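>>> Turn this into a structure:
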Amino acid sequence: MYLSLNLNCTIPFTRMLQPVDAEVRSARPGESYRTRLVGSQTEGAECIILSSSAVQFFPSPGDVNIPTANELIEVQYRGLGRAIARVTDPARIAAQQNGSDDGVRGLVRRVQTPSPRTSADCENAALALLDDAAGTAWTGEYAIWSDFLPANAEDIFPGEGVNVSVTSRAADFQAIVREVEIEIRDLKAEQSLYRVRFADDVSSPLAFEFRSGNVVLPLSLTAMTTAQVGTLFLPDLTAAEITQATSTSVDVDAGVAPGSGGGIEVRWTDFGWGLDNDRNLAGRFSTQTFTLTRLAAVQNYYLRQFDNSTPPKYSRYTTALHLKYPL
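As a prediction, the model looks like this:
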């Protein structure tokens, strides 16, 4: 038996099985923010978010979890929705055009693994699928005695890479071993017949696992070209926060400084984004920090940033700031 006062370990890999839906933090007067643990009280959490859109703090010894007077409480969350994208390749469409054939070929895929968490993930998956579809799909089988395995290999396993070069088939490509079948022919001499089945990603993708079923695309989903992926939207204002509130005004820090000619657009509702609509507009600002009008004890503000392009690019997702503070 060994006793030790200090034990140190290294964790080479971690995985989050059930991510928290929201982040709660609070700041007492004159102090910086501290993160509050969200979850079950039996698991040592400090608070829980109820379905009625309320935050409930659990009692604790000394009431250290209970907010004090004038303590600022901030809750951040991400909205839910279907991650979806539509990407086209104009160059390949033009190459397929012939007479009355417009060259358009369509395919709907539902990615199961890895799970696409955002529309940007779906766009990147579409780029990978279009890239794989450009080449020739190769699959094949190679039979050989164990004594003559390529490169004097002692064995071969599924998942290993192979370089295939067959002049008679005009084949010169890289593939992944998908299956190995071993038939023992001479037990005494340890001689076996190997049948190696291989395929490339064009024939059988390894990076994605698809789920069967149909996807109904929303009519508002705009197709983007391969060149536009990653360039149509500005970064989201994930660091935006309310820094101070009075009975008539609210100070906001957008978290980033707008680019030259751009700004931060703030609306009373998450609708109608664009320079041509001022109906629900709370204001447009060219600075990182700005002051908004406060109209009620409970107030919502919705933010996106835009640039000076024509038409202007906006953030992909809206940042919502919710204020519930006495007047």
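
>>> Provide the strand pairings for the helix or strand hosting E181, with the direction of each partner.
Element membership for E181, per DSSP states H and E: strand 171-186. Looking at strand 171-186 with DSSP bridges, its partner strands are strand 161-166 (antiparallel), strand 191-199 (antiparallel).

>>> right, so of these, which gets closest to I73?
I73 sits nearest to strand 161-166 of all the strands paired with strand 171-186, at 53.4 Å, using Cβ to Cβ. All C-beta spots, glycine's among them, are computed from the backbone N, C-alpha and C.

>>> What is the neighbour count of the nearest residue to R211 once chain neighbours are set aside?
In space, and not counting its chain neighbours, R211 is closest to Q112: 4.1 Å by Cβ to Cβ, 6 or more residues apart in numbering. Using other Cβ atoms under 10 Å, Q112 has 12 other residues around it.

>>> list the buried ones in whichever helix or strand Q112 is part of?
Using DSSP H and E, Q112 sits within strand 110-113. For strand 110-113, burial by neighbour count (16 or more other Cβ atoms under 10 Å) applies to V111.

>>> Surely the residue nearest to R211 and E209 touch.
Yes: contact between Q112 and E209 holds when scored by Cβ atoms under 8 Å: they sit 4.9 Å apart.

>>> Backbone torsions only: list them for C122.
Phi and psi for C122, reported as degrees, to the nearest 10, are phi -70, psi -40.

>>> Let me know the secondary structure of A126.
Of the three states, A126 takes helix under DSSP: H, G, I helix; E, B strand; the rest coil.

>>> How about the one 3 residues further on?
When classified by three-state DSSP, L129 comes out as helix.

>>> Next one, pLDDT for it please.
Listed pLDDT for L129 reads 82.

>>> Could you do F58 as well?
Value for F58, per-residue pLDDT: 92.

>>> OK, contacts around it?
Counting by Cβ atoms under 8 Å, 6 or more residues apart in numbering, F58 touches 41, 45-48, 65.

>>> Of all pairs in those, which one is the farthest apart?
Farthest apart among the contacts of F58 by Cβ to Cβ are I48 and N65. That separation is 11.1 Å.

>>> Tell me which of the strands paired with strand 171-186 is the most buried.
For the strands paired with strand 171-186, the largest average neighbour count (mean count of other Cβ atoms under 10 Å) is found in strand 191-199, namely a mean of 17.

>>> For the helix or strand that that one is followed by, enumerate the helices and strands it packs against.
Downstream of strand 191-199, the first helix or strand assigned by DSSP H and E is strand 209-211. When contacts are defined as 3 or more Cβ pairs under 8 Å, 6 or more residues apart in numbering; DSSP states H and E, strand 209-211 packs onto strand 110-113.

>>> The strand it packs on - contacts with which helices or strands?
Helices and strands touching strand 110-113, as assessed by 3+ Cβ pairs under 8 Å, 6+ apart, comprise strand 209-211.

>>> and the next helix or strand after the strand it packs on, average pLDDT?
Sequence-wise, the next helix or strand downstream of strand 209-211 (DSSP H and E) is strand 224-225. For strand 224-225, mean pLDDT rounds to 90.

>>> from the chain's centre, how far out does strand 224-225 sit?
19 Å (Cα atoms, centre = their mean, to the nearest Å).

>>> Give the pairing partners of that strand; include direction for each.
Counting by DSSP bridges, strand 224-225 is paired with strand 87-88 (parallel).

>>> State the mean pLDDT of the strand it pairs with.
pLDDT averaged over strand 87-88 gives 91.

>>> The next helix or strand after it: which residues count as buried?
Once the chain leaves strand 87-88, the next helix or strand it forms, by DSSP H and E, is helix 90-96. By neighbour count with 16+ other Cβ under 10 Å, helix 90-96 contains no buried residues.

>>> Only C-alpha atoms, please: export helix 90-96 in PDB.
Taking Å, rounded to 0.1, in the frame of the first residue of the first chain, the C-alpha atoms of helix 90-96 are listed here in PDB:
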ATOM      1  CA  PRO A  90     -21.500  26.800 -61.100                       C
ATOM      2  CA  ALA A  91     -18.400  25.500 -62.900                       C
ATOM      3  CA  ARG A  92     -19.600  21.900 -62.800                       C
ATOM      4  CA  ILE A  93     -23.100  22.900 -63.700                       C
ATOM      5  CA  ALA A  94     -21.800  24.700 -66.800                       C
ATOM      6  CA  ALA A  95     -19.700  21.600 -67.700                       C
ATOM      7  CA  GLN A  96     -22.800  19.400 -67.600                       C
END
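
>>> for the stretch 1-150 of the chain, which spans come out with low pLDDT?
By pLDDT under 70, the low-scoring segments of the stretch 1-150 of the chain are 1-4, 15-21, 78-80.
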